[in-house]
Each structure stands twice: as structure tokens, then as C-alpha cells.
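>>> everything below, folded, please.
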Amino acid sequence: MKKTLVLILAVLAATGAAFAQAAPPVVQGKVSLSGAWALYPMAVKWAEEFRKIHPQVQIDVQAGGAGKGLTDALTGMVDIGLVSRDIQPAEVAKGAFPLAVTKDGVVATISAKNPLMAAIKSKGLTRAAFIDIWITGKPLTWGQALGTPDKQPVRVFTRSDACGAAETWAAFLGKRQEDLGGVGVYGDPGLADAARRDPLAIGYNNINFAYDAKTLKPIEGLEIVPIDLDGNGRIDPAESIYATRDDITTAIAGNKYPSPPARDLYFVTKGKPANPAVVAFIKWVLAEGQAFVPETGYIPLAKDKLAAGLARLTGK
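This next block holds a predicted model:
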């Protein structure tokens, strides 16, 4: 009887120790984020999942463009800026501490009512055609862009706010955001709406504002312009990567879509963060949080890049 009692106590002690070891440390405090529309859906998902484990942490996420996110972080308005472009050396000199957290891309978008849809889908547009559309500034017809006799004008839209999508799309064309022509529209949803409403329009969007999160197909009324990567005048099977969000993210992960307009997305803090709640959240994003990346429509970073970010954050 005595042996049985000892055994039970030992089992209970071991079980208690196991539970104590498995329980996550208590984290509390506030974390604020603002910035890139491109990273906003992912940041919201991470915040929701992190709070399931650490309900005593309040997390506020706001979208407003990469430029706003970087400014807010460097001025101390928020703990973390969401930035969807590479960080400039001058920004690092001001204290920007960037950590790559995931990856996505920018795609050209048009209205589903475009009268040249069949030709656009079969021929695509070359990088040179995109340069004519956004950079040269000369009036252009859809026929000139496609190499057909059509005389209907291309109506060009771009972003009016400082943002990573515009900077990344411009980088694909060898320029900066300020070099892009077209009617300026604020925000990713606004640019998608402008492209959807005008049958002759063309714009560009971050992947998660070009595709429906539920159907994984292009947002109703919107279509993706395929890029004729080899310039042979047609979209070959290897270039046909736009039917669903999974197709384009798989292409980016397999380096079948150019970079740019594919790009890394960043958390940026002013210097190495010291707030325990902020550090805990970023550490979780770089580790367990990566499990939620594919289902949210993003591309996981390579493990060595994530490990390097974690080492920079923790100093280990």
C-alpha cells in the first residue's frame, strides 16, 4: 500500500512538472503596429493567434502604407512599422532595425470587363510594355501594348501614398515610385477598385488585395495581367501562374516570378526592441507564427533567413 502511494505521488509530481514546463511564460503589455497594406492581413492574423496564447497582450494593427509605417516606427508612434520594400541605408542610419518576416509580390491588375481580355490572357505584357505604360508618359493604346491594331487607350493608375507596392513595381521597371505615371489613388483597396471599375484601366496590387481570401481566385471584377517573361509574344505554360492565389505564391516560392516584383516584407523597429511584449511577439512571429503564413496567402522565408533574424533580435 505504501509503495502504491509513493508511486502515485511520483506520477503526480512528474505530471505537474511536465505541465509547468509546457506552460508558456506569462507575457503582458501592449504592442502597436502600422504600415504596409501588403503586410496588414498577415499582421492581423499573427496578432489574433498570438493573443490566443498570451491574452494579456493588447495588439493594435493599423494599415496606411509602408511610408507611414516606417515614419511611425522611427518617431515612436508605434512599436513596429510594417514595411513592404527594402530598407534604405539612410533609414538604417536613423535607427531603423528591420527584420524580414515573410514574402509576397505585386501583380498588374485590370478590369474583368477589359474588351481585349482574350489577347491579354494569351499574349501577356512584356516588361518593356509595362515601362511604356508607367514610365515613358506617352499616350498608349492597348493595341500598342499588345502588338495588335486596337486603338482604345490604356488608362493608367498608380498609388498616391508612399508605399512598398509602388516602390516594388517601380523597381521591377528600373525606377522609383516617383517615376511612375498615372492617376494616383490612395491605398491598395482604392487602386483595385479603380482598376475594376474602368474596362480600359490598368493598375497594380499586392497579392492579397488582388485575390479573394476565400475563393483564392482574383477578386470579383478584377483580373491579373500575365507577364510575358521571355518576350516571345505568348504566355507559355510556365508563365501561366495567375489562376489562383496558391498558383502565384507557389510560383514566387519557386522563383518562377521575378523579384522584384516579388519581395520580402519587414517588421521595422527603432533600434533593437526592448519592450518584453514586443520582443516576445516578434520572436513568436519568426518561429511558431510562420505556421500561419501559407494559409494567409504569403510565402515563408528560408529557415536560415528566419534564424538570422532571430539571432539579430535576441543577440544569440
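>>> show me what contacts the residue nearest the centre of the chain?
Geometric centre of the chain, nearest residue: Ala38, 3.8 Å, by CA atoms, centre = their mean. For Ala38, the contacting residues are Ala66, Leu82, Ser84, Asp104, Val106, Gly164, Ala165, Asp188, Asn206, Ile207, Asn208, Leu265, by CB atoms under 8 Å, 6 or more residues apart in numbering. Placement of C-beta: from N, CA and C, glycine included.
>>> contacts only, for Ile120.
Contact analysis of Ile120 by CB under 8 Å, 6+ apart lists Ile110, Asn114, Leu146, Glu223, Val225, Pro226.
>>> show me where the stretch 101-250 of the chain has strands.
155-159, 183-185, 201-206, 222-224 (DSSP state E, counting those that start in this stretch).
>>> most neighbours per residue, which of those?
strand 201-206 (a mean of 28; mean count of other CB atoms under 10 Å).
>>> so what does that strand touch, helix or strand wise?
strand 96-111, strand 155-159, helix 164-172, helix 188-197 (3 or more CB pairs under 8 Å, 6 or more residues apart in numbering; DSSP states H and E).
>>> circling back: tell me the two of the contacts of Ile120 that are most distant?
Using CB to CB, the two most remote members of those are Leu146 and Glu223, lying 14.5 Å apart.
>>> how far does stretch 84-97 stretch from one end to the other?
14 Å (CA to CA, to the nearest Å).
>>> would you mark the buried spots in that stretch?
Ser84, Arg85, Asp86, Ile87, Glu91, Ala96, Phe97 (16 or more other CB atoms under 10 Å).
>>> what's Phe267 sitting at in phi/psi?
Dihedral angles of Phe267 (phi, psi; degrees, to the nearest 10) stand at phi -90, psi 130.
>>> I'd say it and Val78 touch.
No - in this structure Phe267 lies outside contact range of Val78 using CB atoms under 8 Å: 10.7 Å.
>>> which of the two has more neighbours?
Higher neighbour count among Phe267 and Val78: Phe267, with 30 against 24, using other CB atoms under 10 Å.
>>> contacting residues around that one?
Leu33, Ile80, Gly81, Leu82, Val83, Pro98, Leu99, Val101, Ile282, Val285.
>>> now those residues: which count as buried?
Buried, going by 16+ other CB under 10 Å: Leu33, Ile80, Gly81, Leu82, Val83, Pro98, Leu99, Val101, Ile282, Val285, out of these.
>>> out of those, list just those in helices.
If you go by DSSP state H, the buried ones among the contacts of Phe267 have Ile282, Val285 in helices.
>>> reformat the buried ones among the contacts of Phe267 as CSV; add distance to Asp212 and pLDDT.
Shown next, in CSV, are the buried ones among the contacts of Phe267 (distance: CB to CB, whole Å; pLDDT from 0 to 100):
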residue, distance to Asp212, pLDDT
Leu33, 24, 98
Ile80, 27, 98
Gly81, 28, 97
Leu82, 22, 97
Val83, 25, 95
Pro98, 30, 97
Leu99, 29, 97
Val101, 23, 97
Ile282, 30, 97
Val285, 25, 97
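>>> any idea of the pLDDT on the residue nearest to the centre of the chain?
For Ala38, the pLDDT comes out at 89.
>>> ok so it is a strand residue?
No - under DSSP: H, G, I helix; E, B strand; the rest coil, Ala38 falls outside any strand and is assigned coil.
>>> for Gly69, see how far away it is.
Counting by CB to CB, to the nearest Å, the gap from Ala38 to Gly69 is 10 Å.
>>> any chance you could map the helices in the chain?
Counting by DSSP H, residue ranges of the helices within the chain are 2-22, 40-53, 66-74, 89-93, 117-123, 127-131, 142-146, 164-172, 188-197, 207-210, 245-253, 276-286, 303-314.
>>> quick one, which of these is nearest to Pro153?
Checking the helices of the chain against Pro153 by CB to CB gives helix 142-146 as the closest, at 7.5 Å.
>>> in this structure Asp161 contacts Thr71, no?
No - counting by CB under 8 Å, Asp161 stays clear of Thr71, with 11.7 Å between them.
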